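> here you go, sequence then predicted model.
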Amino acid sequence: MARILLDVTMSLDGFMAGPNVSVEHPMGEGGLRLHKWIFHTSTSEVDAEIEREMSETTGAVVLGRRTFDVGVNVWNDTPYPVPCFVLTHDPLAERVEKSGTFTFVTDVRDAYDRATAAAGERDVRLMGAEVGQHFLTAGLVDEIRLQLAPVLLGAGRRLFEHLGEEHIELERLAVVESPHVTHLRYRVRRDAAPGS
């Protein structure tokens, strides 16, 4: 069965995008700095292996409408060559790209059901802060994978906002360092009582 992965790069102060995210600045102003590790994979076997694993194991993607709007012209395709489901209040008709499709859905559970069915035994990767927050609060995330960039952005889009007051317990699975980023993996513990 597919695992649901919240897999993002963020700054040490918790931002996954810089301020003023727009079509002109899809990662926000200064936000591309977060992904320096991807641009240097040729110099780091650790980063190259993480990126390879991400590509090989992704079977479907759920992303938010803002991520779609600012990313579609950057990707010129789907972000991964798999079915992509855009969680939105304002759906569009299905969009077929050369490597996959964008299907627009209005409900978190519907996005989950469609993405897990499409992924089969492969992973469902979540893209975008709001999508990650919706899936976390619904208890639908299996793992959180963070690429922690050694930078303080100071402003932008935070990943872990709007999660409510209940604790979400995590179990550390791995910590892997490279010269450009620290890769952290956590399993979301469903067996722990909230707040324990």
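Thanks, I have the structure now.
> secondary structure element holding the nearest residue to T9 once chain neighbours are set aside?
Distances taken as CB to CB, 6 or more residues apart in numbering put Q147 closest to T9, at 3.9 Å, once the chain neighbours are dropped. Every residue, glycine included, has its C-beta placed from N, CA and C. For Q147, the host element (DSSP states H and E) is strand 143-149.
> pull up the pairing partners for that strand, direction included.
Strand 143-149 has its sheet partners listed here by DSSP bridges as strand 4-11 (parallel), strand 182-188 (antiparallel).
> residues in contact with the helix or strand just after that strand?
Counting by DSSP H and E, the next helix or strand C-terminal to strand 143-149 is strand 157-158. Contact partners of strand 157-158, identified using CB atoms under 8 Å, 6 or more residues apart in numbering, comprise 14-19, 21, 28, 129.
> worst-scoring helix or strand of the chain, pLDDT-wise?
None of the helices or strands of the chain scores lower by mean pLDDT, DSSP states H and E than helix 36-39, at a mean of 80.
> run through who's touching that helix.
The set of residues external to helix 36-39 that reach it, using CB under 8 Å, 6+ apart, is 9, 44, 47, 51, 147, 149, 178, 180-181.
> sort out which residues of it are buried, please.
Residues of helix 36-39 classed as buried by neighbour count (16 or more other CB atoms under 10 Å): 37-38.
> reformat the contacts of helix 36-39 as TSV; add neighbour count, pLDDT and distance to E171.
Shown next, in TSV, are the contacts of helix 36-39 (neighbours: other CB atoms under 10 Å; pLDDT from 0 to 100; distance: CB to CB, whole Å):
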residue	neighbour count	pLDDT	distance to E171
T9	22	92	21
S44	17	82	26
D47	23	84	24
E51	15	86	24
Q147	24	93	19
A149	21	92	23
S178	19	89	23
H180	19	88	26
V181	26	91	21
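> what's the closest of those residues to H134?
Comparing these against H134 with CB to CB places T9 closest, at 19.6 Å.
> adding distance to E161, write the strands paired with strand 143-149 out as TSV.
Formatted as TSV, these follow (distance: least, CB to CB, whole Å):
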stretch	distance to E161
strand 4-11	12
strand 182-188	17
